[in-house]
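Peer 1: Below are the sequence and a predicted model; questions follow.
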Amino acid sequence: MAFRLLQPSVVSWPPSPIPGRRVGGLGILLVGLLLCVPSEGGAQWISSPGDGWLDVSLIYHDTDQVFDETGERRTIFAQGRAVALSLFFVGNMGIWDGVDLWAEVPVHRIRFDDAGGQRTSMGVGDSRLFVRVGPELVGLPPFPLALRGGVKMAGGSFDIDAEVIPLGEGQRDLELILEAGRSFHPRSLWTMGWVGHRWREENVVANRTPGNEWFWWWSIGGELGPVGWEGSVEGLRGDPWVLEGGLRLPSTRRQLDQILAQVNHPLGPGHGQLGVRVPLSGQNLPAGLAITLGYFLQWQR
């Protein structure tokens, strides 16, 4: 059975606030930060050819707080409040022994309120596509170790207008992730984790290059009767952004540490899921609790 995991939000967190933008633009850009949370994904067990899974998750994030450029938690300026409702479609399909594909398409509705009024944007965000390979590809026995590589495409709308909420980051990212895990069968208990690196290309429209980032994730889970449970921790450490003229500002780097929890229960042919994400510390990223509601469906040939 594949693990039904909350995917880390930092895998696809959009742009950070950049010093020097006027207050309105800063607040709008903070809303873009809420386009953070891809849905669930599989763990390290590669799907066999023809096998796969589909996850649909709804994520709700309502906050008036942010981790600023110094790492302090503070309220958004001018009585700002950001509300994001995101629907993530994530799918996986095995194509060869030891190789599967992993894809994600998000749809966002984002609203930002402050003393200057209310702005709203809705549409498709940046999509992602990964190829994952395991030991079976080279004829070794199945083992919970995999290498996942992929790209985040700049498909969501991005506008530097201070009054427009972006639905994407505005640049392409390349990612490489090493996954590992272990099942404690016959006990209903498992653990898994990964570490990855993200290379971020230039945002030509905004004339800046976001800093490359390391990210990691560790999770443990099991079952209590019909109810599955999972607890996770994740982190992100980014380099400074390169701004116009080649200026590198340490205050532009992104950092995050957060905990996540989820329960799931059989529902029809799949599993219904309910989860929560709680940021503990960060820099240039939003604070505040997020709620997730999803459905996971797995199939075999």
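Peer 2: Received the coordinates, thanks.
Peer 1: List phi and psi for residue 137.
Peer 2: The phi/psi pair for residue 137 (degrees, to the nearest 10) reads phi -60, psi -30.
Peer 1: out of everything not next to it in sequence, what's closest to it?
Peer 2: Of all residues not flanking residue 137 in the chain, residue 98 sits nearest, at 3.1 Å (CB to CB, 6 or more residues apart in numbering). For every residue, glycine as well, the C-beta is placed using N, CA and C.
Peer 1: Next, give phi and psi for the one you found.
Peer 2: Main-chain dihedrals, residue 98, degrees, to the nearest 10: phi 90, psi 10.
Peer 1: What residues of stretch 186-204 count as buried?
Peer 2: The neighbour-count criterion (16 or more other CB atoms under 10 Å) identifies 190-194, 196, 198, 200, 203 as the buried residues of stretch 186-204.
Peer 1: ok, the residue nearest to residue 137 touching residue 135?
Peer 2: Yes. In this structure, residue 98 is within contact of residue 135 by CB atoms under 8 Å, at 6.6 Å.
Peer 1: Comparing these two, which shows the higher neighbour count?
Peer 2: Using other CB atoms under 10 Å, the more surrounded residue of residue 98 and residue 135 is residue 98, with 20 against 15.
Peer 1: for the buried residues of stretch 186-204, which one is nearest residue 78?
Peer 2: residue 203 (25.7 Å; CB to CB).
Peer 1: show me the contacts for that closest one.
Peer 2: By CB atoms under 8 Å, 6 or more residues apart in numbering, residue 203 lies in contact with 15, 158, 169-171, 209-210.
Peer 1: Those residues: which two are farthest apart?
Peer 2: The widest separation within these (CB to CB) is 14.3 Å, between 158 and 209.
Peer 1: Point to the helix or strand of the chain where mean pLDDT is at its lowest.
Peer 2: Using mean pLDDT, DSSP states H and E, helix 23-32 stands out as the lowest-scoring helix or strand of the chain, at a mean of 45.
Peer 1: other SSEs contacting whichever helix or strand comes after it?
Peer 2: Following helix 23-32 in sequence order, the next helix or strand is strand 52-63 (DSSP states H and E). When contacts are defined as 3 or more CB pairs under 8 Å, 6 or more residues apart in numbering; DSSP states H and E, strand 52-63 packs onto strand 81-96, strand 290-299.
Peer 1: Swap in 10 Å and give it another go.
Peer 2: With contacts taken as 3 or more CB pairs under 10 Å, 6 or more residues apart in numbering; DSSP states H and E, strand 52-63 sits against helix 23-32, strand 81-96, strand 99-114, strand 270-283, strand 290-299.
Peer 1: for the ones you listed, which one sits closest to residue 245?
Peer 2: Closest among those, once you apply CB to CB, is helix 23-32, at 19.1 Å.
Peer 1: Check the offset of stretch 252-260 from the chain's centre.
Peer 2: 11 Å (CA atoms, centre = their mean, to the nearest Å).
Peer 1: That should have said stretch 84-94, apologies.
Peer 2: On CA atoms, centre = their mean, the centre of stretch 84-94 falls 10 Å from that of its chain.
Peer 1: any chance of the buried residues of stretch 186-204 in CSV, with secondary structure and pLDDT too?
Peer 2: Compiled in CSV, the buried residues of stretch 186-204 are given as follows (DSSP: H, G, I helix; E, B strand; the rest coil; pLDDT from 0 to 100):
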residue, secondary structure, pLDDT
190, strand, 94
191, strand, 95
192, strand, 93
193, strand, 94
194, strand, 94
196, strand, 96
198, strand, 96
200, strand, 95
203, strand, 88
